[in-house]
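Chemist: Give me a 3D structure for the following:
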Amino acid sequence: MTALFIAMNATNMFNSFQLISNRAKRKLLKISQNLYFFQNHHSLHQSKMHSEALELYKAIRKEGMQPSITSLNLLLDSLVSLNKFDKTLNLFEEIIESGFRPNKFMYGKAVQAAVKLGDLKRAYEFVDSMRKKGVSPSLFIYNVLIGGFCKEKRIRDAEKAFNEILERKLVPSLVTYNTLIDGYCKVGELEKAFDLKETMVRENVEPNLVTFNTLVSGLCRARRMEEAKRVLKEMEAQGFAPDGYTCSILFDGFLKSGNVESALALYEEMSGKGVGINRYTLSNWLNHLCKEGNFDKAEEVLQKEIGKGFVPNEVVYNTIVNGYCRIGDMNRAISTVEHMEKLGLRPDCVTFNTLIGKFFEMKEMENAEEWVKKMREKGVLPNVETYNILINGYGKMYLLDRCFAIIEEMEKGGIKPNVLSYGSLINCLCKDGMLLEAEITFRDMLSRGVLPNVLIYNTLIAGSCAAGKLNDAFSYFDEMVKGETRPTIVTYNTLINGLCKRGRVTEAEDLLPQITSSGCNPDVVTYNTLISGYSNAGNAQKCLELYENLKSLGIKPTLNTYHPLISGCCKEGIELAERLFHEMAQMHLTPDLLVYNVLIHLYAEHGDVQNAFSLYHEMVDRGICPDKMTYNSLILGHFRRGNLSEIKNLVGDMKAKGLVPKADTYNLLIRGYCEQKDFIGAYVWYREMFENHFLPRFTTCKELVTGLREQGSLQEAQIICSEMKAKGMDNWSSAEDLSAVANT
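Modeler: Down below sits the predicted model:
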């Protein structure tokens, strides 16, 4: 009733003011301008009629009068408290232009409004103006500035403002310390945050619950959970009981650091104390339990919170639906939706989009379409995300006509396709090699005013590179840069990979300075791609040069660095390969099958069977299964050492591991025995090879037949010639040539 009276009184006063004569207005204003303005503005502020208050101010100013300082202070304070920050600044500028000298309070409200609008430059201009006019900034103003700087993560500017407080002999308050501590925590400077907390204690400013919660939050964000628990104990020792916020931030920290047991223990402890977690944290907890497949526990937690008076909303149930969808349990996901409806909760776009998206992921198109139909039947209109799911789903099934039909349906329904809509479609077209259609779609997107993002350009560039259309790829790149879309390192890596695959490695390397000048930094993928390119080109020295550059930049090599590096440097000798192998170990990288195979082959070629087998056993001990290439290398090593007696056992071991010898292994065996002049032994392997439906190379056959003839095994030589003639010699020399060798 009182509020209504105040509002009516204020409105009547304003309306009456409009009706009286100018002479009466002037008389009224001269007699009681400050009293009426103060009283009625106070009424207008209470009734949130800020527009009327401003009109009243303008009317008084129009008559050449100036409201009192108290009235102006109250008006500025009202506008700020009602979040009318633009109007606050406009009024403040008017006050200055009128020749009125603002006081410290007015400047404080102007600075506060500017900071709330994110205009820190303007806020500091007000502070400079204060100083020039001999008005010293108050602690309130410094607190506001520090808060603004911390919000923008301009922590050095916040420190500067804090130091000014000390220089001007002002005493920082609890708010000052808490604000700067929060700023340090948000930029990860936790040591400085704790140092500042110690400073405030020395200055007899006692930390409060906000201080401790801020420090706990910073530690949790940095995954320093043991320290967070220590701060919690200190907090409790000082008489501060953890509240729901404390519980929530600790809980989130435990979950994000993967410490589910501690999260559960905290939840049980806080539940016992009657401290609840907020809705956001509860959703995260349920989501985590669902991700782990622990749906029974999720249901138990939800029921426990409901028992405490928690009223679950659509967000909570959507979390559970999403959990079931994630593990593919669509029956329980649908049951949860039905349970929602029984409770009077209405499934929303998020609910339906989750189900539809999962059905598409499972390639159950009919079910996906059925739920789109149900969505409409229940009065829930598909949103742009729904349509994007459909486009992506149909696109992955290469039903591109349906994708285009959905774009048309969106436009007819008044829903403008966004960059994700076109991005999904362009991605599917590029993956299917339909580059012309992808470009047409891209141009259509531009014509409709949808600006492409870096992902779309990267997709088009990758598609063009994969098809070998490097000119098109660079055209998209140029268009991207001209359109002020900043390339990422992924963009450059894609172009470098495309050039390397076409043997244009020098051009690829020439992109390195451009990467740096564009504000990007080459990463391990950049260098791995270039090393691989030069390795394929046989330029081992360039591979090593790039490898050293990579390390000098502080980029840690990966296995994909060493694969082409060791392969490319094999011709440089065993010592270099061994050095690289040992450097891998120093980098804490575990060699894989490819690395072991390259080194085993290198040792085998040089007849170093001992080191070859040493690596073989090391590989097996690490749980890496040898493959055909491993055994071929070991066989080669035995041939180099003339250890024919070990060959048969090695082939037997190979077969025992399920590796069936094929043409390359048999050719190696036949040639190896021939080199050792054991032509009958070679013939035994030829027979096994032929019976397993593999044919030797012509050169292998010729060497074996010649050897058999020279040692007098003419029958075996003739059998080989007859069998080869019967099989045909299309890809070798002629059968007549082989027969000529046998009959010589």
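
Chemist: Show me the strands in the stretch 301-450 of the chain, by range?
Modeler: Along the stretch 301-450 of the chain, no stretch is classed among the strands by DSSP state E, counting those that start in this stretch.

Chemist: all helices for it, in order.
Modeler: Under the criterion DSSP state H, counting those that start in this stretch, the stretch 301-450 of the chain contains helices at 314-326, 330-342, 349-361, 365-377, 384-396, 400-412, 419-431, 435-447.

Chemist: can you tell which of these is closest to K655?
Modeler: Closest of the helices of the stretch 301-450 of the chain to K655 is helix 419-431, at 40.2 Å (criterion: C-beta to C-beta). For every residue, glycine as well, the C-beta is placed using N, CA and C.

Chemist: Quick check: mean pLDDT of the closest one?
Modeler: Across helix 419-431, the average pLDDT comes to 91.

Chemist: For that helix, what is the distance to the chain centroid?
Modeler: When distances are taken as C-alpha atoms, centre = their mean, to the nearest Å, helix 419-431 is centred 19 Å away from the chain's centroid.

Chemist: any idea where the strands of the stretch 451-600 of the chain begin and end?
Modeler: Counting by DSSP E, counting those that start in this stretch, the stretch 451-600 of the chain contains no strands.

Chemist: hang on, the earlier thing: let me have the helices of the stretch 301-450 of the chain in JSON lines, extended by mean neighbour count.
Modeler: Listed next are those as JSON lines, based on neighbours: other C-beta atoms under 10 Å:
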{"stretch": "helix 314-326", "mean neighbour count": "22"}
{"stretch": "helix 330-342", "mean neighbour count": "15"}
{"stretch": "helix 349-361", "mean neighbour count": "22"}
{"stretch": "helix 365-377", "mean neighbour count": "15"}
{"stretch": "helix 384-396", "mean neighbour count": "22"}
{"stretch": "helix 400-412", "mean neighbour count": "16"}
{"stretch": "helix 419-431", "mean neighbour count": "23"}
{"stretch": "helix 435-447", "mean neighbour count": "17"}
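
Chemist: could I get the ones you listed as CSV with distance to P626?
Modeler: Formatted as CSV, the helices of the stretch 301-450 of the chain follow (distance: least, C-beta to C-beta, whole Å):
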stretch, distance to P626
helix 314-326, 38
helix 330-342, 43
helix 349-361, 37
helix 365-377, 43
helix 384-396, 37
helix 400-412, 45
helix 419-431, 35
helix 435-447, 42
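
Chemist: Of all the residues in the helix or strand where I95 lies, which ones are buried?
Modeler: According to DSSP states H and E, I95 maps onto helix 85-97. The neighbour-count check on helix 85-97 (16 or more other C-beta atoms under 10 Å) flags F85, K87, T88, L89, L91, F92, I95, I96 as buried.

Chemist: farthest-separated two in those residues?
Modeler: Spatial extent of the buried residues of helix 85-97 (C-beta to C-beta) is set by the pair F85 and I96 at 16.9 Å.

Chemist: how much space is there between S535 and N560?
Modeler: Using C-beta to C-beta, to the nearest Å, we find S535 at a distance of 11 Å from N560.

Chemist: So between the two, which is more surrounded?
Modeler: More crowded of S535 and N560, by other C-beta atoms under 10 Å: S535, with 23 against 16.
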